[in-house]
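[1] no FASTA, just this:
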């Protein structure tokens with residue numbers, strides 16, 4: 001079992017951002033226990049190459065037959081290490097199209113999220129199963145396109161999975177189950193926190209190419225959505241899981257604190273969400289090299305108890321009417337991927353097209369975009385206003401290799 005925790009892996013990775021591709025459902029339907037699902041991987045940076053390696057080493061139900069990355073040397077080096085035919089190692093902005101055109105059963109998408117809407121829609125249109133990272137997009141139009149693609153995947157009998165890790169941990173699952181069963185009574189407030197160090201943010205050059213590796217793109221709202229949307233989403237998604245509903249409005253504040261910023265993402269933020277039933281959720285986060293390190297926890301405060309789920313610490317519940325001892329969440333960065341890879345394969349083989357994470361992933365992404373906009377503008381915004389405005393954030397990809 002690979003032993004890599006999220007904090008150490010991310011801070012140590014030097015990556016690119018071009019994604020993963022998955023399988024063609026026309027082939028996959030009817031897969032028997034001995035057949036292998038042929039997948040394509042789009043985006044072979046730190047997380048993308050890790051998932052590719054995990055598939056190749058630990059998940060024998062898959063076979064990687066094609067790879068794509070914006071950077072030719074990355075596609076070549078990772079492709080060669082996975083023994084992928086050089087003719088199926090693609091690069092450039094349109095590498096994903098060539099990968100999909102070369103027929104795969106499923107695609108794994110691990111690029112900067114600005115590319116997800118185009119990649120996902122193309123994969124679903126081609127009849128591929130889709131496994132993708134979060135957030136699903138950087139703006140509202142992109143997120144709504146992903147939601148539509150998820151619905152189309154279900155109608156087309158394709159599996160669609162958004163790779164969140166917190167909801168896969170057994171202790172987290174049992175804790176939230178007991179919240180939903182009423183063990184702490186009506187939940188009045190949820191509090192979430194996400195902190196970590198910032199990623200490199202060097203001066204920009206004549207085009208966006210220099211931003212497409214080493215997680216530099218998280219600093220850019222048009223490429224990565226922002227620190228809140230790309231990272232804080234883990235804790236906010238856990239809050240929505242507890243709430244069983246999306247928020248209806250948000251207000252907040254944010255600022256840039258990191259030294260010599262070149263991207264426009266805020267790295268310190270505080271957001272208050274409200275829900276239709278009156279529930280309040282407070283979220284706060286920071287991404288500074290200040291020794292605090294990684295923390296991702298979400299706590300629910302109920303009428304007669306409280307509970308917490310976590311990425312690296314303990315999940316637990318205690319209250320006036322009993323409790324749940326819970327336990328330590330272990331190695332979630334890798335174990336969460338492992339569980340999602342297992343689930344993805346199981347759903348494909350069992351023809352389970354419920355695709356619940358397509359809905360929850362888009363709701364969480366919209367919630368973080370809502371929080372980002374409210375905090376950047378230091379104002380109150382409703383979800384209806386956000387969706388009605390439907391503002392597109394178009395990245396400048398001029399000068400990049402097709």
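    The structure has been received and is ready for your questions. Quantities reported herein were computed from a predicted structural model and do not represent experimental measurements.
[2] Show residues contacting stretch 310-328.
    5-7, 165-166, 169-172, 174-175, 178-179, 183-185, 234-235, 294-298, 302, 304-309, 329, 332 (CB atoms under 8 Å, 6 or more residues apart in numbering). (C-beta placed from N, C-alpha, C; glycine too.)
[3] For burial, what's the neighbour tally of residue 351?
    Residue 351 has 13 neighbours, counted by other CB atoms under 10 Å.
[4] Quick check, it in contact with residue 157.
    Yes - at 6.8 Å, residue 351 counts as touching residue 157 under the criterion of CB atoms under 8 Å.
[5] Next step: the contacts of stretch 310-328 restricted to strands.
    Judged by DSSP state E, the subset of the contacts of stretch 310-328 located in strands is 295-298, 302, 305-309.
[6] ranges for the helices of the protein?
    Applying DSSP state H to the chain gives helices spanning 6-12, 25-28, 46-58, 72-81, 95-101, 116-125, 140-155, 170-180, 221-224, 227, 233-243, 332-349, 356-377, 383-389.
[7] ok, the closest residue to residue 100 other than its chain neighbours to residue 158 distance?
    Leaving aside its sequence neighbours, residue 100 sits nearest to residue 126 (CB to CB, 6 or more residues apart in numbering; 5.0 Å). Distance from residue 126 to residue 158, counting by CB to CB, to the nearest Å: 10 Å.
[8] if you count what's nearby, which of those two comes out ahead?
    More neighbours surround residue 158 than the other of residue 126 and residue 158, with 30 against 19 (other CB under 10 Å).
[9] give the contact list for the more buried one.
    Residue 158 neighbours (CB under 8 Å, 6+ apart): 25, 124, 127-130, 353.
[10] Let's see the pLDDT reported for it.
    Per-residue pLDDT puts residue 158 at 98.
[11] And the pLDDT at the residue positioned nearest the centre of the chain?
    For the chain, residue 134 is the residue whose C-alpha lies nearest the centre (CA atoms, centre = their mean; 1.5 Å). We have a pLDDT of 98 for residue 134.
[12] ok, how many other residues are close to residue 161?
    The local packing of residue 161 (other CB under 10 Å) involves 25 other residues.
[13] Name the residues linked to it by a beta bridge.
    Beta-bridge partners for residue 161, by DSSP bridges, are residue 131.
[14] Do I have it right that residue 56 meets residue 65?
    No - under the criterion of CB under 8 Å, residue 56 makes no contact with residue 65, lying 11.3 Å away.
[15] in the protein, which segments are predicted with low confidence?
    By pLDDT under 70, the low-scoring segments of the chain are 1-34.
[16] Tell me which residues touch the residue nearest to the centre of the chain, please.
    The contact partners of residue 134, by CB under 8 Å, 6+ apart, come to 113, 162-164, 230, 233-234, 237, 361, 364-365.
[17] Could you point out which of the residues you listed is nearest to residue 69?
    Checking the contacts of residue 134 against residue 69 by CB to CB gives residue 113 as the nearest, at 15.7 Å.
[18] who wins for most neighbours among the ones in strands among the contacts of stretch 310-328?
    Counting by other CB under 10 Å, top hit in the ones in strands among the contacts of stretch 310-328: residue 309 with 32 neighbours.
[19] roughly how far apart are the closest residue to it other than its chain neighbours and residue 312?
    The shortest distance from residue 309 to any non-neighbouring residue, by CB to CB, 6+ apart, is to residue 172 (4.2 Å). Counting by CB to CB, the gap from residue 172 to residue 312 is 12 Å.
[20] any residues touching stretch 196-210, and which ones?
    7, 10-11, 70, 211, 214-216, 218-219, 223, 227, 231, 258, 260-263, 267, 287-290, 293-295, 395-401.
[21] and that stretch, how far out from the chain's middle?
    20 Å (CA atoms, centre = their mean, to the nearest Å).
[22] in that stretch, what counts as buried?
    In terms of neighbour count (16 or more other CB atoms under 10 Å), stretch 196-210 has its buried residues at 196-199, 201, 208.
[23] among those, which are in strands?
    Using DSSP E, the buried residues of stretch 196-210 in strands are residue 196.
[24] Let me have the buried residues of stretch 196-210 in a markdown table, adding distance to residue 251 as columns.
    Below are the buried residues of stretch 196-210 laid out as a markdown table (distance: CB to CB, whole Å):
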| residue | distance to residue 251 |
| --- | --- |
| 196 | 24 |
| 197 | 27 |
| 198 | 25 |
| 199 | 27 |
| 201 | 27 |
| 208 | 32 |
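[25] and residue 56 and residue 65? which has more neighbours close in?
    Remark: of residue 56 and residue 65, residue 65 carries more neighbours, 22 against 17, as counted by other CB under 10 Å.
[26] hmm, back to that, and the contacts of stretch 196-210, which of them are buried?
    7, 10, 70, 211, 214-216, 218-219, 223, 227, 231, 258, 263, 267, 287, 294-295, 395, 397.
[27] looking at the helices of the chain, which is closest to residue 280?
    Evaluated over the helices of the chain, closeness to residue 280 peaks at helix 233-243, with 10.1 Å, by CB to CB.
[28] How about residues contacting the closest one?
    Contacts of helix 233-243 (CB under 8 Å, 6+ apart): 134-135, 164-167, 172, 176, 179, 187, 190, 192-194, 246-247, 273, 275, 279, 281, 283, 285, 296-298, 300, 307, 309, 311, 360-361, 363-365, 367-368, 371.
[29] what's the angle from it to helix 170-180?
    If you take axes from the mean of the first three to the mean of the last three CA atoms, to 10 degrees, helix 233-243 sits at 40 degrees to helix 170-180.
[30] now helix 233-243, how far from the chain's geometric center?
    A distance of 12 Å separates the centroid of the chain from that of helix 233-243, by CA atoms, centre = their mean.
[31] Repeat that for stretch 361-380.
    Distance of stretch 361-380 from the chain centroid (CA atoms, centre = their mean) equals 16 Å.
[32] what's the domain layout of this structure?
    For the chain, automatic domain parsing gives the domain ranges 6-162, 166-332+352-389.
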